[in-house]
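Colleague: The sequence isn't on hand, but the structure is:
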């Protein structure tokens, strides 16, 4: 134990010094929490510094955005996430706060664009179907240049068609209306899509519709100032001599529209960004416009009086048969001071002339062109409306030179454009002629002709039914009886006269009666001539000279009626019978047998005359038939026109149906685009 | 021994009082002069409050790592290759989510293993370290020993969270459909638990008894 005690002694001081040293110094073990602290602080700092920059983007709604889950993607790589969603102060929009990774945050400057990616169903196909499964996300795009920092953005409602920094050329297309064009319509070159159209809007002057189109590089090299654009929307139906031709470019262009362009001539300069091109309604007009340079166009006003149906915007302005310009606007102008204060209404056209087409050098300024035109107007240059085309339905403006025109001058003070004097138009052409034919057929006094013909028939019937006419045979029989009686008496008288030598006198008398009958026959001969003339008239009637013929016919019929209705004609049989009575009276006094033979001849002549009248009467129904046939033909013509309009109606109806179907499809596509989940879930 | 058994406040025999030194490796008792344990070769160190520094240091490290373990996400779940979104669940967030789904039992287990146990350990060790070497009655000394034993026993069970994360991230690798990756909190939590266990191990339970003879001897 003492050993133990003695052993303990030295241990104590050692322990005490150790404890003292421990108390005085700091154990190495404390390095552990220090390192732990440093590591933790490092982690914290790393997390804090790496958590990125907060930006806020305004959207109209936050469909499918879930705070903490929805990602921000740049080129399909997640570069951030939505932290929170809130409303703007007026509750009209939502603000999405996005934490963007620090390494890309510096690139997000004023040109950054954000949009929500959802499935899209359009005429061009279904896009981003993957977002149906994964949910919507926000996509952003910005260029690779570090710009001034911006933290508040306004999100786009839809995905932009072109991305920032994409190579290509922006151009502006200007057209009269946006018919058939929609956002995102493809711009094609020889049928290959090389760009897209977007931002359809009205021009500032409300006269035109503007649209931005982006032509991707390298296809934008094909654009020059001589490039022409035209609309390939929908389908075209053309009715020509070879039949009906229906052209449909593609179903997509049918629903969405489309634009094609071509550079038809060389020599154009490269176009700057934002160059304005006119958009032509179809390829034909685009190609026709190649030589029209908008900058040198000279615009003139033309005032016209009267009907200008068929004159349309885009109608040609021709000079000696060559197209030198186009009608660009149609309007009505009221001049209250004209006609001594009575007022007048003019159609005021605006025409755009191409100086180079007028034979002027290409670099002519508008003023020089106006000087030139002013000189030409002094020499009699006038504007005039003229028909054009196969049917002559469409009208054009002709610039004609009239030798002895009334003096006029180019009114360069007129607004909005200098006023070119005009002369009344001579609208002619087949259509006009056809219209005239119809109008004249319509105006033809058919009823009067028929009435006249009926009257004539009536007159002839009246003649036939006339008691006097019927009395002729009776009178003849009486006359013959009397003649027989007279013959007996004549025999006696002859016997008496034989002694008295009166027979020679008697024969001369009968000869005179024969002459009278002959002249009646000659008069009857004229009736067939008359019928021939009616026939000729009907023939010429067939030869489309309707008014003249109808006049002639009615005149002839009138003559005929007058002739037949005249007392002379009515009196003719009576005269005949009177003559016969007179003759019989005479013959009563005569007792010579030779006189009876002469009288017989006279009667034969009278019968021939009556036969001819009858024959000519028989031909009258034929005239009526021919008139009827003609009318039937006119009817057919009119009916044919009626059919034509039926066809038109049906064609228009079909177009409407197709248009309605296209609309329905479009609205379905829009519905699905707006609410794609409905497409999947069925509600 | 009899009076000691009758009176709880009576001095009891300790190794220190018997001028012996216990081996921390195998528990064999040696005379204080002995340098090395002849049985296991461990260096014999007399109980010293100096070792409390290690306790404090390890615990500090454990607490420091416990903070990011709760702030950072424990699990990173990617569904549909992250297209549908990533869910980053912290420990407490996960518990709240489990409660929201009605899984009270699982929520309770996770909460106990991840929150109650580590914090309880911190509190217990702090208390032990503060109380070590302080005057104590025999009963309180026994209580301290119980606490220490419980802390040592339960300490390893805190690793259950880490195991869950490790197993999940190993099993749920379904490629495109879903995959689970351990978050930064998992490592922090593992470190925190490890440091806490080291802290508990650094605590010399002989210090519990050290207070008794000192007081009793002074009293004597």
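Modeller: Nice, I can see it. Since the model is a prediction, treat every value here as computed from it, not as a measurement. Residues are numbered from 1 along each chain as shown, chains lettered A, B, ... in the order given.
Colleague: Might you name the residue of the stretch 351-500 of chain A sitting closest to chain B?
Modeller: With CB to the nearest CB as the measure, residue A:352 is the residue of the stretch 351-500 of chain A nearest to chain B, at 56.8 Å. In this view, the C-beta of every residue, glycine as well, is placed from N, C-alpha and C.
Colleague: so where's chain B uncertain?
Modeller: Along chain B, segments meeting pLDDT under 70 span B:1-12, B:79-87, B:133-136, B:210-220.
Colleague: re earlier: which residue packs closest to the residue of the stretch 351-500 of chain A closest to chain B, ignoring adjacent ones?
Modeller: What sits nearest to residue A:352 in space, not counting adjacent residues and going by CB to CB, 6 or more residues apart in numbering or on different chains, is residue A:297, at 4.5 Å.
Colleague: pLDDT score assigned to that neighbour?
Modeller: Residue A:297 carries a pLDDT value of 75.
Colleague: looking at it, it is touching residue A:351, isn't it?
Modeller: No: using CB atoms under 8 Å, residue A:297 makes no contact with residue A:351, being 9.7 Å away.
Colleague: Next, show the common contact partners of these two.
Modeller: residue A:325 (CB atoms under 8 Å, 6 or more residues apart in numbering or on different chains).
Colleague: More neighbours: which of these two?
Modeller: residue A:351 (24 against 17; other CB atoms under 10 Å in any protein chain shown).
Colleague: can you list the residues that contact the helix or strand in which residue A:116 is found?
Modeller: Using DSSP states H and E, the element containing residue A:116 is strand A:113-117. The contact list for strand A:113-117 (CB under 8 Å, 6+ apart) reads A:57, A:59, A:62-65, A:72-73, A:128, A:131, A:136-142, A:153, A:155-160, A:163-164.
Colleague: And chain A, what are its domain boundaries?
Modeller: Structurally, chain A divides into domains by automatic domain parsing as follows: A:2-48, A:50-154, A:168-288, A:297-427, A:440-643.
Colleague: can you check chain B too?
Modeller: Split by automatic domain parsing, chain B gives B:1-46, B:47-219.
Colleague: Show me the one of those that comes nearest chain A.
Modeller: domain B:47-219 (3.2 Å).
Colleague: Please state the offset of that closest one from the chain centre?
Modeller: Offset of domain B:47-219 from its chain centre (CA atoms, centre = their mean, to the nearest Å): 7 Å.
Colleague: In strands only, show me the contacts of strand A:113-117.
Modeller: Under the assignment DSSP state E, these contribute A:57, A:59, A:72, A:73, A:137, A:138, A:139, A:140, A:141, A:153 to strands.
Colleague: count of residues packed around residue B:168?
Modeller: Counted with other CB under 10 Å, residue B:168 comes out at 16.
Colleague: swap that for residue A:375, please
Modeller: Neighbourhood size, residue A:375 [other CB under 10 Å]: 11.
Colleague: quick one: it is in a helix?
Modeller: Yes: judged by DSSP: H, G, I helix; E, B strand; the rest coil, residue A:375 forms part of a helix.
Colleague: sorry, back to before: next one: the residue nearest to residue A:352 relative to chain B, how far apart?
Modeller: 56 Å (CB to the nearest CB, to the nearest Å).
Colleague: ditto for residue A:154
Modeller: On the measure of CB to the nearest CB, residue A:154 and chain B end up 25 Å apart.
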